[in-house]
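Colleague: Would you be able to build a 3D model of this:
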Amino acid sequence: MSKPRTPADPERRARLQTEMQRDRDARQTGYRERALRLFPHVCARCGRAFDGKRLRELDVHHRDHDHRNNPPDGSNWELLCLYCHDNEHETFRDKVLDHTSNPADKTRPSPIATPFAGLDARLGNRADSTETHAG
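Modeller: Next up, the predicted model:
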């Protein structure tokens with residue numbers, strides 16, 4: 001059987017309540033909490049609505065891509081779902097890569113692996129010799 005709980009020390013309880021209040025205030029002064037209070041909980045791109053536990057899927061996007069630019073009126077923010085937010089940053093990255101002055105900076109690794117790249121060079125004339133034997 002479990003032991004009955006003893007009531008918390010009033011001093012400790014007051015200290016915990018103060019810490020919890022301070023933590024809550026710190027969270028609410030963050031730009032995400034401010035944006036969630038200012039804007040409807042809807043993705044600005046795809047229009048999906050979010051509430052309850054799914055609210056965590058809604059991100060604050062900085063329109064100028066500067067996370068230090070957090071005006072109190074929220075004019076640099078928009079709420080985007082995770083997918084639209086990722087797409088926005090991919091689009092931005094592609095635009096930045098297209099406008100670089102050095103062409104070498106534009107090269108990116110291929111997103112798809114090519115396991116047979118250079119296979120013909122490795123095989124050399126073997127392909128020719130198999131054709132003569134098959135015919």
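
Colleague: Which stretches in the protein count as strands?
Modeller: Secondary structure of the chain by DSSP state E: the strands cover 58-62, 77-81.

Colleague: For those strands, give me a markdown table that also has mean pLDDT, distance to Leu38 and mean neighbour count.
Modeller: Quick note: C-beta positions are derived from backbone N, CA and C, even for glycine. Below are the strands of the chain laid out as a markdown table (pLDDT from 0 to 100; distance: least, CB to CB, whole Å; neighbours: other CB atoms under 10 Å):
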| stretch | mean pLDDT | distance to Leu38 | mean neighbour count |
| --- | --- | --- | --- |
| strand 58-62 | 91 | 10 | 20 |
| strand 77-81 | 94 | 8 | 22 |
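
Colleague: Dump those strands to TSV, plus distance to Arg12.
Modeller: Shown next, in TSV, are the strands of the chain (distance: least, CB to CB, whole Å):
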stretch	distance to Arg12
strand 58-62	36
strand 77-81	39
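
Colleague: The most centrally placed residue in the chain and Asp98: what is the separation?
Modeller: By CA atoms, centre = their mean, the chain has its centre lying nearest to Asp86, at 5.6 Å. Asp86 sits 19 Å away from Asp98, taking CB to CB, to the nearest Å as the criterion.

Colleague: Next: Arg122.
Modeller: Distance from Arg122 to Asp98, by CB to CB: 35 Å.

Colleague: Now tell me what touches stretch 34-44 from outside.
Modeller: With CB atoms under 8 Å, 6 or more residues apart in numbering as the test, stretch 34-44 has contacts from 28, 48-51, 55, 58, 60-61, 70, 72-74, 77-81, 84.
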